[in-house]
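Undergrad: got a structure for you, letters missing:
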C-alpha cells in the first residue's frame, strides 16, 4: 500500500549532478538523504526549472556540481510549489563519456559495407547534456511524455505482474513534419529516463539504430541485419540491472507498409524487413527494461501492424507563435550569455520603494535590457524583512508570459521578437533555430553587437526566409 501511495503523491523531481571524478567516493543514498534534508530546511517554495544554489557548504557540497529542480508530477497547480506539501524525488547522477579524447559516441558496426548500424551510448551522457534544455514545445509536451514513459516502466516492473495479460510493448512513436524536433526529443527522453529511473536500474544504454544502414543491396539481407541488431539489443537487456532505450529515426524505412510494397512493382525485400522488425519487437515485449522510441515524417507509409503495436502515438507539430518566441528567446539569450551580443545589466536596490520605481521605469521605457526575475523564497535568515524578496535585473530577453504583460505593445526588442514569432508560424524548429545566427552572419559586420542589432538582423533573416518560401510556393503552383 505504501508503494502505491507514493506513486500518487505530488512529487518534485530534483536532479543532483555529481562531479564525475568524485562519483566513486559518494554514497548516493546518503547524498540523496542529505540533499532532501537541506532543501526542506532551506526553502519554503521552489520553481520548476530553477538551479538550486547554496549547497556548496553542505556535507557533500564539494562533491556536487549542480542541483536542478527538474520537474513536477501531480495535479496542475501554481508556478511555485510548497516544499513541505510535496514528496521529493532526489536522483543523483554523473555524466558519462564513452570516448576518451574526442567525446564522440561509440559506434557498433556489423554490416558488410561497413556502415554504422547502431550507435551505443552510456547514459546519462555528456554528449546529450544540453538536449533537454534545447526543447521548446507547447503544453509541457516533453515533461508529459517523460511522465508517461516513467510510469510505463514503473508499472511493468511491479513484482508479480503478469505481463502477458497486457498488450504493452513500451513502444512510442513521435510523428510530424520534418524539423519539428522529434529526434532531439527522443534522445533527450532517453537521457532523462536514465536519470529518473536511477533507483530502479544500475546502468542505462542508448541504442540509436541507423535505419538506412538496415537496407542491404543484397536481396534478403535487410531482414538478417535487422534480426542481428535486435539480437544484440536482446542480449544487452539481459544484463543485470540494465535499462535499454532504443531510438529508431525515420522508422518507416524498415517498417514500411507491406500492402503497398506487394501491390506495386517494388521488390518485396521491404516486406521481409518489416516482418523481421515486427518479430523482433514482439520478442522485446517480455523485457520490462526496454523502451523503443521511434520517429517518422510519413506516418501514412508505416505498416498497420507496426502502428497497432505502438502504445503512444504523439503528433509533434510545427511550433506555435508562443513556442517560436521562446525558441528565438533561447537563441538570443545564448548569444548574450556568450558575449556575442552585449546587454548592459541594471543593478536594482531591494527596497520596496526602489523596486516600484525600477519596475515603473522598465515598463514605460520600452527597454528590453532589464527584465526582472523573482528569486525563489528561501528560509535563509536575512537582516530585515524587506530583503527577503529581492529583485535583480537579468540581462536577457524576458519569458513569454513576462513579455505579454509588459512589452507586447512597446517598440522594444521583446515586442519585436513577438511580432516576428507571429509571422513565422508554420516554419520548422530546425529553421527557426538557424535564423538568429544566420542573421548575425549575414546582416552584421563585426564589432560590438547590441540586442537591438541582433533583433534587426533576425528580422532581416526572417524576411529573407519567408520570401524564399513564397517563391517556392509560386514555382510549385506554376508547375
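TA: Looks like it came in fine. Just so you know, these numbers come straight off a predicted model, no measurement behind them.

Undergrad: quick one: buried residues of stretch 432-445?
TA: 432-440, 443-444 (16 or more other Cβ atoms under 10 Å). C-beta here means a position set from N, CA and C on the backbone, and glycine is covered the same way.

Undergrad: mean confidence for it?
TA: Stretch 432-445 shows a mean pLDDT of 94.

Undergrad: one more: stretch 191-203?
TA: pLDDT averaged over stretch 191-203 gives 93.

Undergrad: now do stretch 215-224
TA: 76.

Undergrad: swap in stretch 147-159?
TA: 86.

Undergrad: picking that back up, out of the buried residues of stretch 432-445, the closest to residue 27 would be?
TA: Within the buried residues of stretch 432-445, the smallest distance to residue 27 is 41.0 Å, found for residue 433 (Cβ to Cβ).

Undergrad: list the contacts for the closest one?
TA: Residues near residue 433 by Cβ atoms under 8 Å, 6 or more residues apart in numbering: 327, 331.

Undergrad: returning to what we had before: among the buried residues of stretch 432-445, which one sits closest to residue 52?
TA: Nearest member of the buried residues of stretch 432-445 to residue 52, counting by Cβ to Cβ, is residue 433, at 28.3 Å.

Undergrad: which helix or which strand is home to the closest one?
TA: Taking DSSP states H and E as the criterion, the element that holds residue 433 is helix 429-443.

Undergrad: and what of residue 340?
TA: Residue 340 belongs to no helix or strand, assigned by DSSP H and E.

Undergrad: going forward, the N-terminal residue is numbered 27.
TA: Sure, I'll start numbering at 27, so the last one becomes residue 366.

Undergrad: once you drop chain neighbours, what's closest to it?
TA: Distances taken as Cβ to Cβ, 6 or more residues apart in numbering put residue 475 closest to residue 366, at 6.7 Å, once the chain neighbours are dropped.

Undergrad: flag every buried residue along the strand or helix carrying residue 357.
TA: Assessed by DSSP H and E, residue 357 sits inside helix 347-363. By neighbour count on 16+ other Cβ under 10 Å, the buried set for helix 347-363 is 347-359, 361-362.

Undergrad: of these, closest to residue 121?
TA: residue 356 (21.3 Å).

Undergrad: other SSEs contacting the helix holding residue 357?
TA: If you count contacts as 3 or more Cβ pairs under 8 Å, 6 or more residues apart in numbering; DSSP states H and E, helix 347-363 packs onto helix 426-432, helix 439-449, helix 455-469, helix 477-504.

Undergrad: residue 316: what's it in contact with?
TA: Counting by Cβ under 8 Å, 6+ apart, residue 316 has contacts 196, 259, 263, 269-272, 310.

Undergrad: thinking again about what came up before, contacts for the helix holding residue 357, please.
TA: 160, 162-164, 345, 367-369, 421-426, 429, 443-444, 446-448, 450-451, 453, 455, 458-459, 461-463, 466, 477, 480-481, 484.

Undergrad: ok and it relative to helix 439-449, angle-wise?
TA: 140 degrees (axes from the mean of the first three to the mean of the last three Cα atoms, to 10 degrees).

Undergrad: what angle separates helix 347-363 from helix 477-504?
TA: Relative orientation of helix 347-363 and helix 477-504, computed by the same axes, to 10 degrees: 140 degrees.

Undergrad: and the helices in the chain?
TA: Counting by DSSP state H, the chain has helices at residues 28-34, 54-68, 167-182, 208-222, 247-263, 284-289, 295-310, 330-335, 347-363, 378-391, 426-432, 439-449, 455-469, 477-504.

Undergrad: worst mean pLDDT among those?
TA: helix 378-391 (a mean of 40).

Undergrad: for residue 240, see how far away residue 302 is.
TA: If you measure residue 302 against residue 240 using Cβ to Cβ, to the nearest Å, the figure is 9 Å.

Undergrad: for residue 122, same thing?
TA: Using Cβ to Cβ, residue 122 is found at 27 Å from residue 240.

Undergrad: just residue 90 next, same as before
TA: Per Cβ to Cβ, residue 90 is found 42 Å from residue 240.

Undergrad: and for residue 308, the neighbour number?
TA: 11 (other Cβ atoms under 10 Å).

Undergrad: likewise residue 67?
TA: Neighbours of residue 67 (other Cβ under 10 Å): 12.

Undergrad: re earlier: more neighbours: which of residue 122 and residue 240?
TA: Higher neighbour count among residue 122 and residue 240: residue 240, with 25 against 18, using other Cβ under 10 Å.

Undergrad: confirm for me that that one is in contact with residue 143.
TA: Yes - with contact defined as Cβ atoms under 8 Å, residue 240 counts as touching residue 143 (6.9 Å).

Undergrad: now do the shared contacts for these two.
TA: Jointly contacting residue 240 and residue 143 under the rule Cβ under 8 Å, 6+ apart are 251, 255.

Undergrad: residue contacts, residue 317?
TA: Contacts of residue 317 (Cβ under 8 Å, 6+ apart): 175, 178-179, 196-198, 219, 270-272.

Undergrad: re earlier: with residue 465 as the reference, measure out to the residue nearest to residue 366.
TA: 11 Å.

Undergrad: re the thing from before, just the buried residues of the contacts of residue 317.
TA: Applying 16+ other Cβ under 10 Å to the contacts of residue 317, the neighbour count classes 175, 178-179, 196-198, 219, 270-272 as buried.

Undergrad: so where do the strands sit in the stretch 77-226 of the chain?
TA: Under the criterion DSSP state E, counting those that start in this stretch, the stretch 77-226 of the chain carries strands at the ranges 90-99, 106-108, 113-119, 132-135, 142-149, 197-201.

Undergrad: of all those, which lies closest to residue 279?
TA: Across the strands of the stretch 77-226 of the chain, closest to residue 279 is strand 142-149 (Cβ to Cβ), at 12.7 Å.
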